[in-house]
Every structure is written in structure tokens, then in C-alpha cells.
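Q: What follows is a protein structure lacking sequence information:
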């Protein structure tokens with residue numbers, strides 16, 4: 001059973017890594033004016049033509065899993081009201097303010 005769980009967790013981790021590789025933050029002035037302070041854009045060269053401007057089902061599942069209370073709790077993480085993610089045992093910042101909020105808007 002432990003091997004099966006380890007494989008499942010590795011698979012989830014791989015999906016999340018793939019989803020995060022496809023994300024990019026548009027920090028240009030034009031991007032900030034167009035989309036607000038924390039916008040996410042998919043890089044066109046990393047997404048098939050049928051997915052440009054959208055997020056694939058696999059990516060959505062990966063982000064949904066990442067934000068799920070079960071997944072966060074299993075790692076000892078919490079999402080603060082400002083959208084930052086912290087490790088509860090060490091109080092280490094995992095992701096900056098607004099990060100979780102931007103991911104939620106993708107879903």
C-alpha cells in the first residue's frame with residue numbers, strides 16, 4: 001500500500017510541476033495595465049494551439065489538487081487570507097502573497 005501511495009503522490013507532484021512550468025507572470029507595464037497586479041498568462045510556445053488562452057483539464061486538476069485542503073494539510077501548509085502559502089511547522093513562506101488567489105482565478 002505504501003508503494004501505491006508513493007506512486008500516487010509522485011504522479012500528483014509531476015502534474016503540478018508540469019502545470020507550473022506552463023505558467024508565467026506578465027510583469028510588463030502593459031500587462032499590469034491590462035490585467036491587474038497579479039495576472040497569469042500561458043506561454044504560447046508551451047501550449048498546443050487548441051489550448052492557447054485556456055488551461056487544460058490536466059492542468060486544472062493539478063492546480064485544484066494543489067489548492068485542496070487535504071493536499072495542503074498533508075504537507076502541513078496553510079493559505080493565509082492574503083493568498084500566501086506557509087508551512088505551519090516552520091512558518092516558512094512557500095508562496096508569496098496573492099499566489100493562491102491567482103491560482104484560484106485560473107479554475
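A: Structure received. Everything quoted here is computed from the prediction, not taken from an experiment.
Q: in this structure, what secondary structure element scores lowest on mean pLDDT?
A: strand 40-42 (a mean of 47; mean pLDDT, DSSP states H and E).
Q: Tell me which helix or strand comes right after that strand.
A: helix 57-67 (DSSP states H and E).
Q: got the contact list for that following helix?
A: Helix 57-67 is contacted by residues 12, 15-16, 18-19, 22, 55, 71, 79, 100, 103-104, 106-107 when judged by CB atoms under 8 Å, 6 or more residues apart in numbering. C-beta: built from backbone N, CA, C; applies to glycine.
Q: Stretch 78-96 now?
A: The contact list for stretch 78-96 (CB under 8 Å, 6+ apart) reads 67, 72, 75, 76, 77, 97, 98, 99, 100, 101, 102.
Q: mind listing what's buried in that stretch?
A: Neighbour-count burial for stretch 78-96, counted by 16 or more other CB atoms under 10 Å, picks out 78, 79, 83, 84, 85, 86, 94, 95.
Q: would a markdown table of those with secondary structure and distance to residue 61 be doable?
A: Converted to a markdown table, these look like this (DSSP: H, G, I helix; E, B strand; the rest coil; distance: CB to CB, whole Å):
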| residue | secondary structure | distance to residue 61 |
| --- | --- | --- |
| 78 | strand | 22 |
| 79 | strand | 18 |
| 83 | coil | 21 |
| 84 | coil | 23 |
| 85 | strand | 19 |
| 86 | strand | 24 |
| 94 | strand | 20 |
| 95 | strand | 19 |
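Q: would you turn the residues you listed into a markdown table with distance to residue 59 and pLDDT?
A: Output for the buried residues of stretch 78-96, formatted as a markdown table (distance: CB to CB, whole Å; pLDDT from 0 to 100):
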| residue | distance to residue 59 | pLDDT |
| --- | --- | --- |
| 78 | 23 | 94 |
| 79 | 19 | 94 |
| 83 | 19 | 92 |
| 84 | 22 | 93 |
| 85 | 18 | 93 |
| 86 | 24 | 94 |
| 94 | 20 | 90 |
| 95 | 17 | 91 |
